[in-house]
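*Asks:* Got a predicted structure here, sequence first:
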Amino acid sequence: MENDGQPVDGFILQLPADMQSDTMLDGKPLAKWLQGYNVREDGALINHNILHPDYMTCVNLKLHAYLAQSFAGQVVSETADFRAGFVYRTLVMKRWESPPYKAPGGTIYRPGRPRSITPRAPTGLRAGW
């Protein structure tokens, strides 16, 4: 199967500001990728009013394109690493303070600890869209 540089999976993380962006990714303006956004400016990917670090880590799967598409002699999509650094910083450095988030607060990834935390918003705190 030929690949013309278009993303194979179609997964992209888009911020509210991207809805007006003319930045080109794989020949298409960023504003045209989604008809909305799926990540808040603070890095939160929220679905059903719950922050989902597990969904955020899916950006890791996109990085596999550098190996798989290279081995297949295909062009790696520009979206392969789009927002990967942003997601990493959100997981590792963004502090989810308690309150308003439920205890314990802190970063999602916690070095030296066997488990990450999932910040839980208090009832009524909306995703923002």
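*Replies:* Arrived safely. Numbering: from 1, shown residues only.
*Asks:* can we go C-alpha only for contacts and neighbour counts from here?
*Replies:* Noted.
*Asks:* Shouldn't Tyr88 be within a helix?
*Replies:* Yes - assessed with DSSP: H, G, I helix; E, B strand; the rest coil, Tyr88 lies in a helix.
*Asks:* you'd agree Thr23 is up against Lys32?
*Replies:* No - using C-alpha atoms under 8 Å as the test, Thr23 is too far from Lys32 to be in contact (10.0 Å).
*Asks:* more crowded one of the two?
*Replies:* Higher neighbour count among Thr23 and Lys32: Lys32, with 15 against 11, using other C-alpha atoms under 10 Å.
*Asks:* Which residue is the nearest non-sequential neighbour of that one?
*Replies:* Excluding the flanking residues, the one nearest Lys32 by C-alpha to C-alpha, 6 or more residues apart in numbering is Met19, at 7.6 Å.
*Asks:* That neighbour reaches Gly36, doesn't it?
*Replies:* Yes - the pair Met19 / Gly36 is scored as a contact, 6.6 Å apart, by C-alpha under 8 Å.
*Asks:* Report pLDDT for Ala84.
*Replies:* Reported pLDDT at Ala84 in the predicted model: 90.
*Asks:* close enough to count as contact, it and Leu61?
*Replies:* No - shown here, Ala84 and Leu61 do not form a contact pair, counting by C-alpha under 8 Å, at 10.2 Å.
*Asks:* Tell me which of the two has more neighbours.
*Replies:* A count of neighbours by other C-alpha under 10 Å puts Ala84 above the other of Ala84 and Leu61, at 19 against 12.
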